[in-house]
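**Q** sequence and computational prediction follow.
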Amino acid sequence: AKEKGKNTYQFFDETMEVEIRQKLNMENALRKALENEQFVLQYQPKVDVLTGRITGTEALIRWQHPALGFVPPSEFIPLAEETGLIIPIGKWVLSTACAQCKAWQVDEKLEMSVAVNLSMLQLRQENFIEMVEQVLMETGLDPQYLEIEITESSAMNNIELCIQRLIALKKLGVGISIDDFGTGYSSLAYLKQLPIDTLKIDRSFINDITNSEDDAAIVQAIIAMARILKLKVIAEGVETQEQLTLLEQYKCNAVQGYYLSRPLAAWDVVKRHRERMVT
Ligand code: C2E
Ligand code: CA
Ligand code: CA
Ligand code: CA
């Protein structure tokens, strides 16, 4: 029994050591990723339901590590937030997305907005507004083409700071979307105080919209509420024609999801934009 206990102890010890070492390796790799240019952005089209046209895209970060391979954002964004690396990474995302959006306008004559996901840690930075202003100035992008996505739960957990920062952001002329809407227990009183343009209905509600009467009712309620508050609504995670048809009936303004398009490389967005979108 004594021996077994010892082995068990060693087993845990080694597992923990391996885990800690893996995490440190990952952290070191993440530190080097920016300077080694291992990050890329993909852009997922946002499609207007009435016209079927691409009106904008959402920038989504990807990490191509030479040894680890493709690391999805769900696996490194939390670590980037823990280590503070999200600050330089987030600035790179913003700057790259704005430059790309400007290039689409100048080189391709495509008028599309670009949306960037924001971590609460970035918003908390003292110089956050100045940083955004600087990126807009350096890239020459008209602020009306930039949209910031912030998740409902992070907004509600930091409401006072969010109200203050988002109002300042709005004054620059930047658009603001509430991401993953429906999952974050919004208080309507707070929602009214935030200078929001768009609600993005969370994928989990769209998933079951054709089978679950509850989810269909929730989606209709969100759309009705958005109309009263004079907000636009976009549904994320649209994967089938049946879901799209329902969202059309409910008068959802815009849709995003694999059925319309997967996230694309920048040059594929241009191709896709020129093809006629059928909805
Ligand atoms: P999100 O902002 O909710 O982004 C939507 C996610 O759903 C993306 O995953 C997208 O590829 C995926 N998606 C789009 N359409 C569909 C669909 O029809 N079906 C399904 N099943 N999935 C769909 P991705 O790119 O892996 O990003 C995951 C999350 O990582 C994002 O969720 C966002 O929270 C975060 N993220 C991505 N890029 C950035 C970034 O640049 N900065 C920050 N702070 N977070 C980012
Ligand atoms: Ca998003
Ligand atoms: Ca989302
Ligand atoms: Ca999400």
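**A** Done, it's in. Ligands and ions are numbered 1, 2, ... in the order given.

**Q** how many other residues sit next to residue 74?
**A** 7 (other C-beta atoms under 10 Å). Quick note: C-beta positions are derived from backbone N, CA and C, even for glycine.

**Q** so which helix or strand takes in it?
**A** Using DSSP states H and E, residue 74 falls within helix 73-83.

**Q** kindly report the same for residue 199.
**A** Per DSSP H and E: strand 198-201 holds residue 199.

**Q** and after that strand, which helix or strand comes next?
**A** Next helix or strand after strand 198-201 toward the C-terminus (DSSP H and E): helix 203-207.

**Q** buried residues in that following helix?
**A** The neighbour-count criterion (16 or more other C-beta atoms under 10 Å) identifies 203, 205-207 as the buried residues of helix 203-207.

**Q** strands of the stretch 151-279 of the chain, start to end?
**A** Assignment of strands within the stretch 151-279 of the chain using DSSP state E, counting those that start in this stretch yields the ranges 175-181, 198-201, 232-235, 254-255.

**Q** below-threshold pLDDT in this structure: ranges please.
**A** Scanning the chain for pLDDT under 70 picks out 1-12, 276-279.

**Q** what residues are up against the nearest residue to residue 32 once chain neighbours are set aside?
**A** Spatial nearest neighbour of residue 32, excluding adjacent residues (C-beta to C-beta, 6 or more residues apart in numbering): residue 38 at 7.9 Å. By C-beta atoms under 8 Å, 6 or more residues apart in numbering, the contact list for residue 38 reads 32, 63-66.

**Q** phi, psi of residue 38?
**A** Phi and psi for residue 38, reported as degrees, to the nearest 10, are phi -100, psi 0.

**Q** from residue 220, how far out is it?
**A** 43 Å (C-beta to C-beta, to the nearest Å).

**Q** residue 140 too?
**A** 41 Å.

**Q** ok, and what's touching the strand holding residue 199?
**A** Residues contacting strand 198-201 (C-beta under 8 Å, 6+ apart): 147, 149, 175-182, 219, 222-223, 226, 231-236, 252, 256.

**Q** centroid residue for this protein?
**A** Centroid-nearest residue in the chain: residue 117, 3.7 Å away (criterion: C-alpha atoms, centre = their mean).

**Q** tell me which element the closest residue to that one other than its chain neighbours is part of?
**A** In this structure, residue 117 finds its nearest non-sequential neighbour in residue 149, 4.9 Å apart by C-beta to C-beta, 6+ apart. Taking DSSP H and E as the definition, residue 149 sits inside strand 146-151.

**Q** which strands and helices sit next to that strand?
**A** helix 86-108, strand 113-117, helix 159-171, strand 175-181 (3 or more C-beta pairs under 8 Å, 6 or more residues apart in numbering; DSSP states H and E).

**Q** switch the cut-off to 6 Å
**A** strand 113-117, strand 175-181 (3 or more C-beta pairs under 6 Å, 6 or more residues apart in numbering; DSSP states H and E).

**Q** ok, residues contacting it?
**A** By C-beta atoms under 6 Å, 6 or more residues apart in numbering, the surrounding residues in contact with strand 146-151 are 113, 115, 117-118, 174-177, 179-180.

**Q** tell me if that strand is near ligand 2.
**A** Yes - Strand 146-151 reaches ligand 2 (C-beta under 5 Å from the ion) through residue 149.

**Q** what lines up beside that strand in the sheet?
**A** Partners of strand 146-151 in the sheet, by DSSP bridges, are strand 113-117 (parallel), strand 175-181 (parallel).

**Q** and the contacts of residue 38, which two are the farthest apart?
**A** Greatest spatial distance in these: 32 and 64, 12.9 Å, computed using C-beta to C-beta.

**Q** for the protein, what lies in contact range of ligand 2?
**A** When proximity is defined as C-beta under 5 Å from the ion, the chain approaches ligand 2 at 117, 149, 179.

**Q** flag every residue of the stretch 1-150 of the chain that's near ligand 1.
**A** 44, 60-61, 72-74, 77, 90, 93, 117, 119 (C-beta under 6 Å from any ligand atom).
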